[in-house]
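*Asks:* This is a predicted model, with the sequence first.
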Amino acid sequence: MIVLDMALILMKRRIDPIRMDYNLDEPFYASSKAEILRLLNFSGLLSTLLTIRELNDEIIELLAPYSEIKDLSEKARKAYQDLATLKTWTDKIQSYHAINKQVIPIKDKVQKAENSLRKASRKLARAERELERTEIGLTKCQNDFDVAMQTKQAYQADYDALLKRRNDANTLISGLTGEKIRWNEQNKAFEQSIEKLIGNSILVTAFLSYCGPYNQDFRQRMLNEWQKQIQQRTIPFSDNFDIIEQLNDEATIGEWNLQGLPNDDLSIQNGIIATSNYRYPLLIDPQLQGRSWMKNMERDNDILITTLNSKIFRQQLEDSISLGRPLLIEDVDEELDPMLDNILEKNYFKIGLTYRVKVGDREVDVNHTFRLYITTKLANPNYSPEVCARLSVIDFTVTQRGLEDQLLSLVIANERVELERERVTLARETTKNKRMLKELEENLLIKLTSIEGSVLDDPSLVEVLNANKRIATEVKEKVSIAEDTKLKISAAREEYRPVAVRGSILYFLMSEIAVRIFISTQIHGMSCHGVDHLGYWYKLVNHMYQISLQQFLGLFHDSMIKSNKIAATQKRIQNINDYLTYRTWFYTTRGLYEDDRLMFTLLMALRIDLRRGKIRYDEFQVLVKGGASLDLNTCPPKPFRWLNDSSWLNLLELSRLKEFHDVIDRLQKNERIFKDWFDKQLPSSDLSTLPETYENLNTFHRFLFIRCISPDRTILEARHYIQNSLGIKYLEIPVLSLELLWEESNSKTSLLGLLSSGADPTSNIQTLAKKKNIDLFIVSMGQGQEVLARRYLQQTVQSGGWLLLQNAHLGLDYLEEFHENLISMDTFDPSFRVWLTTETHSEFAIQILQSSIKFTNEPPQGVRAGLKRTYGLITQDKLEYIETIYWRPLLYATSFLHSILQERRKFGPLGWNIPYEFNQTDWEASVQYIQNHLDDMNPKLNISWKAVQYMISEIQYGGRITDDRDRRLMITYAQKWFNDLLFSSDFKFYDGYSIPKVKRIEEYIDCIDRFPFIDSPHIFGLDSNADITYSTNRAKSMLEKILHIQPKEANSNISGGETRDKTVHNLANDMLIKLPKNFIQYEVREKLRSMGILNPMIIFLRQEIHRIDRVIRTVRNSLNDLQLAIDG
């Protein structure tokens, strides 16, 4: 029944109110039996149950108690199987409801979702249809868009390209703005240069062809003359024509400077000629500057260096030609090897694609990179016209400015090492940067000109331009910084320039006294060294005084090392200059003949004072020339007879100086004062009697005034000037010390003694060799002595010792071989030395002269110098040889006599009728005799004066005397000075010349130093007038030598008048007018026949007429040739 109650509840039938039925096994709700019966009678019960659609929570809640009854289903099954099934179904319905209660919301959601899905599906269908329609439209729009985008992109690409081109164009315009200015300027310059190309080309080619052999001034004269000629022919050329700018650039010049080429204009021009000329260069290079530069310039090209005398010269020549190596032939003479002819003339012939040249009897392939350089040490070689035509002869002689810069670098390298290192580095960097800047400019032009089409079509151009601009900016900044730094370095370097200036002055002074300078008078054509008819030679002082630049650089370096070092720069500079000046003077004067020493010292003082600005060049000119350029016939007449003609002309020339403008007026107004002063014995010693202006003259003006008015006192006043300008030590004649010379020398440096009358150093060399315990081998040069000289040379080189070649001037052919052997030595004994003695010879090997240490053994001038030299050779042991009161006075008297006898020669016939060659051996023989006499003398007896007088006057010195009056003079000297009075306390040779009462050599020399430099003629027993002729002649000779070695110009003005060429032309014309006419031979014969042709006097007259006629014709031809040469 309970199961059926559950059916009633499910079917929502009426049930009884709830009450408990306790009759059941377990109390439960009472069943609604009445309704159950009706239900059972309901035929549609099953279908109704099966069709129940609604269940709610209330129904389920009512059914819940029934479901909780335990074993209800089992009990129902036992009662009635269908009720069990109904119970199970009811339970399932409850489970269903419980589940469905959860599922229904889900179903609702599903339903809603399905509804939404259906709606969405419908919308989707509509959307898909719309989408399809839209996609069709979209596809069409996309296609249209793609076309539009393609069009846009094409337009954008064109725009970007145009924008890039615009930017590139702006970049190019901006980048080339600076170049535009330069290009415009260059374009204008090119346009002008094209207009003036012909004239410039003429000047350039003429310069390269003809100017090589000449110095800077003469090259400029030639260029000026050519410009006049071109201008007259209306050929355009550059207004400010500069040969260096025309042919080279700063970067190349900077590289040359770093390679050793001096930075002066002449050296740069030489470098241009050497590298730009079609012909191979021949460098006249006595200082080896050009050779050094070429070696450095061609170092990377593996330059080969040789000489014509090399045993493998031909092989070296052939290898250089075929392999294309540069070849440098050093130290050629005036003749070249004929083997070089085809090479110098470039007589090349072509076989196939190869050029060949014939070298001797062989044909050699010519490599296009082959270059030939030739150098000579000869300062003034006389090359033939053929050599000058085949080669480009270039004068590479160092200039004063170039040498100054070189010496300045040496000074800075020694005194300021870091500064010189910075300068060199800076110069190298500057040259590199300038070269890079030039390459950038050239590369940009090459890039621009190589573009095909528009410049904007090349994308790399802007990159190149930007890179160039960036690099150029950096380089310009570096160059600017370098220039500023260079100025600072230059300012610091310039502080030491006085040392370089002094060195340059001294070197050129040393060089000028030994070198003849050739000056051409030919302007319109080419000349060459040694072609005398195109010019003239300056006279040299002595060819033997040659010195090399290397020797001088050694002196210069020693001066910096040995001079007193001090922190103050100016004082240090002064110390170097003082040491260098004296060292150079000492080194040079010991190798000069006595007549040239004062000249050299005076010229040194003048040159230094000229550079200091203490004297002017016009004053210097008056000093050396005086009134020589004036004509006495055209000058005002001489006012006083006591004034000689030369002094009057000198005073007229002197009056042109502002300091002496009134000298003529003062002379005329104060004639008696000037005459009284002039008649004094030493007019230069006191000017107080003259007008005040002259009393207050400085030392040089006093010297100048004395030289003009009283030439015989020029030497004395020159000494005063030297003492004031340089110091008194420059008046001291250097005492020859062979030991000092030996210490200065080395195995490759010869010691060269210049011979003069009675001055052979052989005995002194032998004495020194004996003192040093060194073997001495002597060869007297002459015919056939070369074999002995070679043997001794080889022996001394290997085993040590000294080799003395006497009279080397008699073996000139061997000297070149000797020098080659000497310099080519690799190993030699340290004690090996070479001594040479020679007379002056114009053909003496210049290599030996320039590499040797020269000395003279000539007696010095003056009693003081002579005594000092003699006592310089006496040792203390010799002075103490004999312990007797007679020895030292007799030794001094003999030495004094020796100096007097030698000094008398300077007075000419007034001194000796015959100039005898008294020398050191005469003194040594006399001293030796006195030694022997004192040794043999009985102490109780007196000296045998008659024997002493006889031996000295008749034997030792008298043996050379051949004139009776000279012998009588010699006897008088001996009788007057060699007697018992010699030992008296009041004995004097002359006032102020007594015998020193001392015992040591140093004390004797100190006493001798107190003697005057200038000796009175009375000391020789002569009148004061005897000195006038000697002093006048010596002063004239000295000033003429100074004048001759001064650089002259062939067209220089003389005293503001005509040029030298014009003056010579007029003189030649005047001489031609005055020259007699040539003899007409047939008229002469007829005239002589009428006078008796066989008469001895007529025969003599005919011969004389013939001779004078030849003279007249020769003179006439010479004068005509001279005028033609001047006229060009």
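*Replies:* Alright, I've got the coordinates.
*Asks:* Leaving out chain neighbours, which residue sits closest to the residue nearest the centre of the chain?
*Replies:* With distances taken as C-alpha atoms, centre = their mean, the chain has Pro262 as the residue nearest its mean C-alpha position (3.3 Å). Leaving aside its chain neighbours, Pro262 sits nearest to Gly402 (3.1 Å; criterion: C-beta to C-beta, 6 or more residues apart in numbering). All C-beta spots, glycine's among them, are computed from the backbone N, C-alpha and C.
*Asks:* which ones are touching that neighbour?
*Replies:* Gly402 is in contact with Pro262, Asn263, Asp264, Leu266, Ser267, Gln289, counting by C-beta atoms under 8 Å, 6 or more residues apart in numbering.
*Asks:* tally of neighbours for Glu474?
*Replies:* Neighbourhood size, Glu474 [other C-beta atoms under 10 Å]: 13.
*Asks:* Also Gln400?
*Replies:* If we define neighbours as other C-beta under 10 Å, then Gln400 has 12 of them.
*Asks:* pretty sure it is touching Leu506, no?
*Replies:* No. Checked against C-beta atoms under 8 Å, the pair Gln400 and Leu506 is beyond contact range at 11.1 Å.
*Asks:* Tell me where the stretch 501-650 of the chain has strands.
*Replies:* With strands called from DSSP state E, counting those that start in this stretch, the stretch 501-650 of the chain shows them at 518-520, 535-537.
*Asks:* low pLDDT regions in the stretch 151-300 of the chain?
*Replies:* Applying pLDDT under 70 to the stretch 151-300 of the chain flags the ranges 175, 178.
*Asks:* and with 80 instead?
*Replies:* By pLDDT under 80, the weakly predicted segments of the stretch 151-300 of the chain are 161, 164-165, 168-183, 185-186, 189-193, 249-251.
*Asks:* try the stretch 551-700 of the chain
*Replies:* Across the stretch 551-700 of the chain, the ranges flagged by pLDDT under 80 are 629, 631-633, 677, 679-696.
*Asks:* which other helices and strands contact the top helix by length along the chain?
*Replies:* What stands out as the longest helix in the chain, according to DSSP state H, is helix 81-195. When contacts are defined as 3 or more C-beta pairs under 8 Å, 6 or more residues apart in numbering; DSSP states H and E, helix 81-195 sits against helix 2-10, helix 57-67, helix 72-79, helix 417-450, helix 459-494.
*Asks:* Go again with 7 Å.
*Replies:* Helix 81-195 is packed against helix 2-10, helix 57-67, helix 72-79, helix 459-494, with contacts defined by 3 or more C-beta pairs under 7 Å, 6 or more residues apart in numbering; DSSP states H and E.
*Asks:* Give the burial count for Leu934, as a bare number.
*Replies:* The tally of other residues near Leu934 (other C-beta under 10 Å) stands at 17.
*Asks:* Could I get the buried residue list for the helix or strand hosting it?
*Replies:* Element membership of Leu934, judged by DSSP states H and E, is helix 920-936. The neighbour-count check on helix 920-936 (16 or more other C-beta atoms under 10 Å) flags Gln920, Asp922, Trp923, Ala925, Ser926, Val927, Tyr929, Ile930, Gln931, His933, Leu934 as buried.
*Asks:* Quick check: closest non-adjacent residue to the fourth one.
*Replies:* Residue nearest to Ala925 in three dimensions, not counting chain neighbours: Gln956, with 4.8 Å by C-beta to C-beta, 6+ apart.
*Asks:* Tell me how this structure divides into domains.
*Replies:* For the chain, automatic domain parsing gives the domain ranges 2-175, 543-731, 738-856, 863-1012, 1060-1127.
*Asks:* And the ones you listed: which comes nearest Arg390?
*Replies:* Ranking the domains of the chain by proximity to Arg390 (C-beta to C-beta) places domain 738-856 first, at 23.2 Å.
*Asks:* ok, Ile608 to Trp585 distance?
*Replies:* To Trp585, Ile608 is 11 Å away according to C-beta to C-beta, to the nearest Å.
*Asks:* Let's see which of the contacts of Gly402 end up in helices.
*Replies:* Those of the contacts of Gly402 mapping onto helices are Leu266, Ser267, Gln289, per DSSP H.
*Asks:* residue contacts, the last one?
*Replies:* The contact partners of Gln289, by C-beta atoms under 7 Å, 6 or more residues apart in numbering, come to Pro262, Phe396, Val398.
*Asks:* re the thing from before, in JSON lines: the contacts of Gly402, plus distance to Thr151.
*Replies:* What follows is the contacts of Gly402, written out as JSON lines (distance: C-beta to C-beta, whole Å):
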{"residue": "Pro262", "distance to Thr151": "73"}
{"residue": "Asn263", "distance to Thr151": "69"}
{"residue": "Asp264", "distance to Thr151": "73"}
{"residue": "Leu266", "distance to Thr151": "74"}
{"residue": "Ser267", "distance to Thr151": "72"}
{"residue": "Gln289", "distance to Thr151": "77"}
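*Asks:* Can you name the element that comes right after the longest helix of the chain?
*Replies:* Beyond helix 81-195 on the C-terminal side, the first helix or strand identified by DSSP H and E is helix 197-210.
*Asks:* for that next one, packing partners?
*Replies:* Helix 197-210 packs on helix 216-232, helix 243-247, going by 3+ C-beta pairs under 7 Å, 6+ apart.
*Asks:* Convert the C-alpha atoms of it to CSV, please.
*Replies:* The C-alpha trace of helix 197-210 is given here as CSV (Å, rounded to 0.1, in the frame of the first residue of the first chain):
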residue,chain,number,x,y,z
LEU,A,197,102.3,78.0,-70.9
ILE,A,198,104.7,78.7,-73.7
GLY,A,199,106.7,81.3,-71.8
ASN,A,200,106.8,79.2,-68.7
SER,A,201,107.8,76.1,-70.6
ILE,A,202,110.6,78.0,-72.2
LEU,A,203,111.9,79.2,-68.8
VAL,A,204,111.5,75.8,-67.2
THR,A,205,113.3,73.9,-70.0
ALA,A,206,116.0,76.5,-70.2
PHE,A,207,116.5,76.3,-66.4
LEU,A,208,116.7,72.5,-66.4
SER,A,209,119.1,72.6,-69.4
TYR,A,210,121.4,75.4,-68.5
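*Asks:* Local confidence estimate at the spatially closest residue to Ile874 that is not a sequence neighbour?
*Replies:* Once flanking residues are discounted, Ile874 sits nearest to Ile1001: 6.3 Å by C-beta to C-beta, 6+ apart. Turning to Ile1001, the model gives it a pLDDT of 90.
*Asks:* residues near Ile1001, how many?
*Replies:* If you count neighbours by other C-beta under 10 Å, Ile1001 ends up with 17.
*Asks:* Pop out the phi and psi values for it.
*Replies:* phi -60, psi -40 (degrees, to the nearest 10).
*Asks:* from memory it sits against Leu879, does it?
*Replies:* Yes. Here Ile1001 reaches Leu879: they are 6.0 Å apart, a contact under C-beta atoms under 7 Å.
*Asks:* State the distance from Tyr214 to Gly199.
*Replies:* Relative to Gly199, Tyr214 is positioned 21 Å away (C-beta to C-beta).
*Asks:* for Asn1117, that is, sorry about that
*Replies:* Counting by C-beta to C-beta, the gap from Asn1117 to Gly199 is 39 Å.
*Asks:* more neighbours, these two?
*Replies:* Between Asn1117 and Gly199, counting by other C-beta under 10 Å, Gly199 is the more crowded of the two (20 against 10).
*Asks:* before we move on, the earlier item: so which of the buried residues of helix 920-936 sits lowest on pLDDT?
*Replies:* Ranking those by pLDDT, Gln920 lands last with 84.
*Asks:* Local confidence estimate at the residue nearest to Ala925?
*Replies:* So, for Gln956, pLDDT stands at 90.
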